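S.K.: Build me a model from this:
(one chain, ligands or ions: 1)
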Amino acid sequence: MSIRTIRMLPVSSRTQKRADRLKYNDRHWLRMRRDFLATYPFCIVCLVQGEYTVATVADHIERHADDRDLFFDFENLQPLCKRCHDVEKQSHERRGGTGETWLRLLREIMMEKHTENFVGSMEEWLPIGIADALI
Ligand SMILES: [Zn+2]
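M.R.: Down below sits the predicted model:
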């Protein structure tokens, strides 16, 4: 294999993962994550079902895919508990779901559980992007 061929090889997924990890250790991100979870302490998926669960994940509603603007967009964040992140959100993304279909899903859950009034009165716990989609 010539040097030229080696240079043309695609970036390995391993290198890609390393780049992602760096970002999640970014001081700006850690501060933003802390402020976000302090402002919106309850998991949004649990909340639309009428339950208060402490959120530990500041999740990107729309996948950031290494887009810096999406990554650092406060309005692109939602509070999730670990279970809802690992089960609900990740399976939604694996099925090709987008931020828009995710918000639709939250609304469907809310309608199904008849928690509109409950969620409506919880406006202070709903991040801007979520409140607009639900109320
Ligand atoms: Zn949850």
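S.K.: Which residues of the chain lie near the ion?
M.R.: For the chain, the contact set with the ion under CB under 5 Å from the ion comprises 43, 45-46, 53, 81, 84. (Each C-beta comes from the backbone N, C-alpha and C, glycine too.)
S.K.: The same query, at a cut-off of 6 Å, please.
M.R.: Taking CB under 6 Å from the ion as the contact definition, the chain meets the ion at 43, 45-46, 53, 80-81, 83-84.
S.K.: In ChimeraX, select just the buried ones from those.
M.R.: Here is the ChimeraX command that selects the buried residues among those (16 or more other CB atoms under 10 Å):
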select :43,45,46,53,80,81,84
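S.K.: Identify those among the residues of the chain next to the ion that sit within strands.
M.R.: Taking DSSP state E as the definition of strands, those contribute Leu80.
S.K.: Okay, and which of the residues of the chain next to the ion map to helices?
M.R.: Residues of the residues of the chain next to the ion located in helices (DSSP state H): 45-46, 83.
S.K.: Using CSV, lay out those residues together with distance to Phe74 and pLDDT.
M.R.: Putting those into CSV (distance: CB to CB, whole Å; pLDDT from 0 to 100) gives the following:
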residue, distance to Phe74, pLDDT
Val45, 19, 97
Cys46, 21, 97
Arg83, 24, 97
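S.K.: Burial check on Leu134, number of neighbours?
M.R.: Other residues within reach of Leu134, judged by other CB atoms under 10 Å, total 22.
S.K.: Ok, Thr101 next?
M.R.: Counted with other CB under 10 Å, Thr101 comes out at 12.
S.K.: Now do the contacts for the closest residue to it other than its chain neighbours.
M.R.: Sequence neighbours aside, His92 is the residue nearest to Thr101 in space, at 7.4 Å (criterion: CB to CB, 6 or more residues apart in numbering). For His92, the contact set (CB atoms under 8 Å, 6 or more residues apart in numbering) comprises 101-102, 105.
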